[in-house]
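Participant: Fold the following and give me the result.
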Amino acid sequence: MANEYYVGYNKIHKLVKSLAEEITASGFTPDVIVAIGSGGFIPARIMKTYINRPIFTVGISYYGVDQQHFSYPKKIQWIDETRQQLEGQRVLLIDEVDDTRVTLSYCIGELLNHKPEEIAVAVLQNKRKVKGAQFPPEIKLYFAGEEIDDLWIKYPWDALEIDEHLLMCGKKEIEV
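Facilitator: Below you'll find the predicted structure:
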């Protein structure tokens, strides 16, 4: 489909490396990484390779099984037991895409309850579109690996057939 954007693991790795370099150059040094699941899990793990910090995960759902979004995000998993580990810390929040910004804003609001020193946000892709929410004024650092049009992004971790996904990414089939 013309309204789909396929992204392969190699591109994701390179985007995360670039993000890590940009974050480091900004002077922001996170104490912890918080990954929004499930899309932020893999980018957060790759980020750990470049910025070696502990990873905490949160589960937030804004889309149902039919790919229609709910009226508001819902917590599936949260990190209340680590409150002491976030208080006064610099947090790098990672997700795969900034689409409507509702999930990111919701998560930031919840993280602010843990009284971190600072929160920076990093995403692989930012969709150029009107957002359904804004970041609170506490968010001063925002990093996007790339700016894209409002397309449906097809990530490799969602692929049922990875070889087909690689072909759609425009890559040659790789024999293992």
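Participant: Only C-alpha atoms from now on, for both contacts and neighbour counts.
Facilitator: Fine.
Participant: ok, which stretches of this structure are strands?
Facilitator: With DSSP state E as the criterion, the chain has strands at 4-6, 32-37, 55-63, 69-77, 90-98, 118-127, 141-148, 152-154.
Participant: show me where pLDDT drops low in this structure?
Facilitator: Scanning the chain for pLDDT under 70 picks out 1-2, 61-83, 171-176.
Participant: Looking at strand pairing, list the partners for the nearest residue to Phe143 once chain neighbours are set aside.
Facilitator: Of all residues not flanking Phe143 in the chain, Ala122 sits nearest, at 4.6 Å (C-alpha to C-alpha, 6 or more residues apart in numbering). Taking DSSP bridges as the rule, Ala122 bridges to Ile94, Phe143.
Participant: Hmm, Tyr155 is touching Val7, no?
Facilitator: Yes - Tyr155 lies in contact with Val7 (C-alpha atoms under 8 Å); the separation is 5.4 Å.
Participant: Can you add mean neighbour count and distance to Leu111 and give the strands of the chain back as a markdown table?
Facilitator: Converted to a markdown table, the strands of the chain look like this (neighbours: other C-alpha atoms under 10 Å; distance: least, C-alpha to C-alpha, whole Å):
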| stretch | mean neighbour count | distance to Leu111 |
| --- | --- | --- |
| strand 4-6 | 15 | 31 |
| strand 32-37 | 23 | 9 |
| strand 55-63 | 18 | 10 |
| strand 69-77 | 12 | 12 |
| strand 90-98 | 24 | 9 |
| strand 118-127 | 22 | 8 |
| strand 141-148 | 16 | 15 |
| strand 152-154 | 16 | 26 |
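Participant: Which of those sits closest to Leu166?
Facilitator: Closest approach to Leu166 among the strands of the chain (C-alpha to C-alpha): strand 4-6, 8.4 Å.
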